[in-house]
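**Q** Return a 3D structure for these sequence lines:
(one chain, ligands or ions: 1)
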Amino acid sequence: MIWDHETNVEERLDDMPNGVVRVYPGSGAVAMLPLTPENNYNPTVLFCGGSDMPDYSWGNYSWPYINTFYYPASKDCQRLTPEPADGSRPTYEQDDDMLEGRTMGQFIILPDGKLLVVNGGENGTAGYSTQTLETLNYADMPYGMSLASQPVGTPAIYDPKAAKGKRWSNEGFSTSDIARLYHSSAVLLPDASVLIAGSNPNVDVNTSTVFNTEYRAELFYPPYFSASVRPDPSGIPTKLSYGGDPFDIKVPSKGFSGSTNDAGDSAIVAVIRQGWTTHAMNMGQRFLQLNHTFTANDDGSLTLHVAQMPPQPNIFQPGPAFVYVTINGIPSTGHYVIVGSGAIEKQPVGAASVLPATKRSDAASGSADGSETSTDGSAHSNDDDSSLSTGAIIGIAVGGLVVLGLLGALIGVCIARNRRKNNRQPTDTSFMMNSNANPTMAAVGAGAGGYGLGAGAAAGQRGSESSAFVPLRQDYANHDSWASSSTASLHGPYRDQAVPQPHAPFQGQEYAESRNSGNGMSMDYDPYAADSRLTTMTPGGHRY
Ligand SMILES: [Cu+2]
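**A** Here you go, the predicted model:
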């Protein structure tokens, strides 16, 4: 459906091909592809996975009519450009299948313009229930309340610019053994790693069921962390306007390898809004590539001449974002920026930035060790002790992790909810995790990749260092230890807030107070759980 909110006119689009349901509880992974100068900032949406269960299966809003947890999730992907540039009617474009079926997969747009899909399950749907029409008793439900099974522990990366048939890769990716099903989350961090947390396909905290309530968080380091150095740009403004004068970003030569001309050609200056994450989606997630030209300086450094935001506030709303500069596929850290006025209001709009012509210098080149920062397949050298090791980069990244106010939202809410210390740290991993790394490596073949994945880089080697899950160090039993390692306030303002009555705006009261005498649940936030408070203590056969 396309809705013109100014005229309040709806235009119904064709049904999703192949009968795949992407919305809850099919819950496919959905993201807007990067908005770039090449696509003239015209949005295209990517839909992957979900479920193509027959209509009958979905049930009656109380429970599904089939045992969803045995039904394979979809691997189908479609693209849709809602407003084609030529004015034609929007049509779906069949895209490459994912490497495995996924329900509740979640897309994270990385600074290099590729999309990471994480989390989810190979079978079933989102939601939870105490029964299905095929399994009438809760005691007989094979995965407790979970309507999904076979968690997918291996992320995959989708390259929207790759040729069809070569867009997906998970070669060398490590696999988490933590199930991330319903109520899981992920978000890109300023260091370009991805924070992954959550999962609770149960009506309330449940630490003893098969897919138990999950408090452990992890960091996933995408393959670009195999680089020994990353670009260290300076001159990134703290505010971006819609149109207006361009600005310069300086990238020292020690932050990249190879010719400076190539570095300039490869550069991506991306404005990323990570979005607000829950239920395996990031609402408002955006990636916008600023236009640029460059000057290759004789000292090897690179000066990027960068346009302001396109003069169209509708495609990237005002407010906070991060700017990453990616050179040869290796991103810098993110620099915090305010887009437009930062407020929801009419935005000043200037003329599109006019950029100076590119000036090349064939003699200029970066001074970083070339073995680990290029993306063109050069050999990966491990015997070079003059550069930072990969471990060093990851170590630095971990050290810098918890500095984020942004994250406070996630962490603070988690802590507010994790009141009962005894319930913490479930470690049951007795269920089957699905690690497809090896089979799909074969399927994807050597052509995939592009992160310095050189001929000399054995998959096993990369698996151990270029993409990795790292448990987030934390002490759930002691909030002070969080506080001491974080500048984010754990006591406010990121607390559950009261919703005194349904559909009322937040009142700013602390939810903890209002639920002290209640059942300790946060169902007021879950539109699918309107009557779940009635069934907290004794599962009574409802689907949420
Ligand atoms: Cu929910």
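
**Q** Next, residue 163: secondary structure please.
**A** Here residue 163 is coil, with the state taken from DSSP: H, G, I helix; E, B strand; the rest coil.

**Q** on contacts alone, who are the packing partners of whatever helix or strand residue 250 lives in?
**A** Using DSSP states H and E, residue 250 sits in strand 247-251. The helices and strands touching strand 247-251, judged by 3 or more C-beta pairs under 8 Å, 6 or more residues apart in numbering; DSSP states H and E, are strand 302-306, strand 319-327. To be clear about C-beta, it is placed using only N, CA and C from the backbone, and glycine gets the same treatment.

**Q** Give me the contact list for whatever helix or strand comes next after that strand.
**A** Of the helices and strands lying after strand 247-251 in sequence (DSSP H and E), the nearest is helix 260-266. Residues from elsewhere that reach helix 260-266 (C-beta atoms under 8 Å, 6 or more residues apart in numbering): 251, 253, 256, 294-297, 300-302, 304, 326-329, 358, 360-362, 364-366, 375.

**Q** at 6 Å instead, please
**A** 256, 294, 296, 300, 302, 327-328, 360, 364-365 (C-beta atoms under 6 Å, 6 or more residues apart in numbering).

**Q** Turn those into a markdown table, columns for pLDDT and neighbour count.
**A** Shown next, in a markdown table, are the contacts of helix 260-266 (pLDDT from 0 to 100; neighbours: other C-beta atoms under 10 Å):
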| residue | pLDDT | neighbour count |
| --- | --- | --- |
| 256 | 96 | 32 |
| 294 | 98 | 25 |
| 296 | 98 | 25 |
| 300 | 97 | 21 |
| 302 | 98 | 28 |
| 327 | 98 | 31 |
| 328 | 97 | 26 |
| 360 | 98 | 14 |
| 364 | 96 | 20 |
| 365 | 96 | 19 |
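
**Q** Test my guess that residue 152 contacts residue 120.
**A** Yes: assessed by C-beta atoms under 6 Å, residue 152 is found in contact with residue 120 at 5.4 Å.

**Q** what's the overlap in contacts for these two?
**A** Shared contacts of residue 152 and residue 120, counting by C-beta under 6 Å, 6+ apart, come down to residue 102.

**Q** and the chain, what are its domains?
**A** 2-226+403-471, 239-368 (automatic domain parsing).

**Q** what's the closest of the ones you listed to residue 232?
**A** domain 239-368 (4.7 Å; C-beta to C-beta).

**Q** need the helices for this protein, in chain order.
**A** For the chain, helices defined by DSSP state H occupy the ranges 260-266, 390-399, 405-417, 437-444, 459-465, 479-484, 511-515.

**Q** tally of neighbours for residue 210?
**A** By other C-beta atoms under 10 Å, 18 other residues sit near residue 210.

**Q** quick revisit: including distance to residue 233, could the domains of the chain go into CSV?
**A** CSV is the format used below for the domains of the chain (distance: least, C-beta to C-beta, whole Å):
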stretch, distance to residue 233
domain 2-226+403-471, 12
domain 239-368, 4
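
**Q** so residue 235 sits right up against residue 249, yeah?
**A** Yes: with contact defined as C-beta under 6 Å, residue 235 reaches residue 249; the gap is 4.8 Å.

**Q** When the two are compared, which one has more neighbours?
**A** Taking neighbours as other C-beta under 10 Å, residue 235 and residue 249 compare with residue 249 leading, 24 against 14.

**Q** quick one: that one and residue 234 touch, right?
**A** No: if you go by C-beta under 6 Å, residue 249 and residue 234 don't touch, sitting 7.1 Å apart.

**Q** circling back: looking at the strand holding residue 250 now, give me its mean pLDDT.
**A** Across strand 247-251, the average pLDDT comes to 98.

**Q** So which bits of that strand are buried?
**A** Within strand 247-251, the residues that qualify as buried are 247, 249, 251, counting by 16 or more other C-beta atoms under 10 Å.

**Q** Looking at the residues you listed, which is nearest residue 125?
**A** Nearest to residue 125 out of the buried residues of strand 247-251 is residue 249 (C-beta to C-beta; 44.9 Å).

**Q** what about the residue nearest to that closest one when sequence neighbours are not counted, distance to residue 61?
**A** Distances taken as C-beta to C-beta, 6 or more residues apart in numbering put residue 304 closest to residue 249, at 4.3 Å, once the chain neighbours are dropped. Remark: distance between residue 304 and residue 61 (C-beta to C-beta, to the nearest Å) = 53 Å.

**Q** Select, out of the helices and strands packed on strand 247-251, the one closest to residue 470.
**A** So among these, strand 319-327 is nearest, using C-beta to C-beta, at 20.3 Å.

**Q** buried sites along the closest one?
**A** Within strand 319-327, the residues that count as buried by 16+ other C-beta under 10 Å are 321-327.

**Q** so where's this protein uncertain?
**A** Low-confidence segments of the chain, defined by pLDDT under 70: 370-467, 473-544.

**Q** switch to 50 and redo it
**A** In the predicted model of the chain, residues 371-430, 435-465, 475-541, 544 satisfy pLDDT under 50.

**Q** Can you verify my assumption that residue 368 contacts residue 252?
**A** No: if you go by C-beta under 6 Å, residue 368 and residue 252 don't touch, sitting 9.5 Å apart.

**Q** out of these two, which sits in the more crowded spot?
**A** Neighbours were counted for residue 368 and for residue 252 using other C-beta under 10 Å; residue 368 has more, 27 against 18.

**Q** what sits against the more buried one?
**A** With C-beta under 6 Å, 6+ apart, residue 368 has these contacts: 229, 254, 256-257.

**Q** hmm, which of these are the buried ones?
**A** So, by 16+ other C-beta under 10 Å, the buried ones in the contacts of residue 368 are 229, 256-257.

**Q** that older thread, neighbour count winner among residue 304 and residue 61?
**A** Taking neighbours as other C-beta under 10 Å, residue 304 and residue 61 compare with residue 304 leading, 25 against 9.

**Q** In contact with that one, which residues?
**A** Residues in contact with residue 304 (C-beta under 6 Å, 6+ apart) are 249, 267, 292, 294.

**Q** can you put those residues in JSON lines and add distance to residue 56?
**A** As requested, the contacts of residue 304 are arranged in JSON lines below (distance: C-beta to C-beta, whole Å):
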{"residue": "249", "distance to residue 56": "56"}
{"residue": "267", "distance to residue 56": "52"}
{"residue": "292", "distance to residue 56": "53"}
{"residue": "294", "distance to residue 56": "58"}
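
**Q** so residue 271 touches residue 321, yeah?
**A** Yes: Residue 271 is within contact range of residue 321, at 5.0 Å (criterion: C-beta under 6 Å).

**Q** hey, where'd the strands end up in the stretch 51-200 of the chain?
**A** 74-80, 92-95, 106-109, 115-118, 121-128, 142-151, 156-158, 168-169, 184-188, 194-198 (DSSP state E, counting those that start in this stretch).

**Q** what does the stretch 201-350 of the chain give?
**A** Using DSSP E, counting those that start in this stretch, strands in the stretch 201-350 of the chain cover 218-221, 239-240, 247-251, 268-273, 276-278, 281-283, 286-290, 292-296, 302-306, 319-327, 330-331, 335-339.

**Q** Looking at these, which is nearest to residue 200?
**A** Comparing the strands of the stretch 201-350 of the chain by C-beta to C-beta, strand 276-278 comes nearest, at 11.5 Å.

**Q** quick one: buried residues of the closest one?
**A** Buried residues in strand 276-278, counted by 16+ other C-beta under 10 Å: residue 277.

**Q** Touching, residue 296 and residue 363? I think so.
**A** No: between residue 296 and residue 363 there is no contact, the gap being 8.7 Å when judged by C-beta under 6 Å.

**Q** Redo the buried residues of strand 247-251 as CSV? Include distance to residue 174.
**A** Output for the buried residues of strand 247-251, formatted as CSV (distance: C-beta to C-beta, whole Å):
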residue, distance to residue 174
247, 38
249, 33
251, 30
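
**Q** re the thing from before, which one of the contacts of helix 260-266 is nearest residue 7?
**A** Nearest to residue 7 among the contacts of helix 260-266 is residue 294, at 42.7 Å by C-beta to C-beta.
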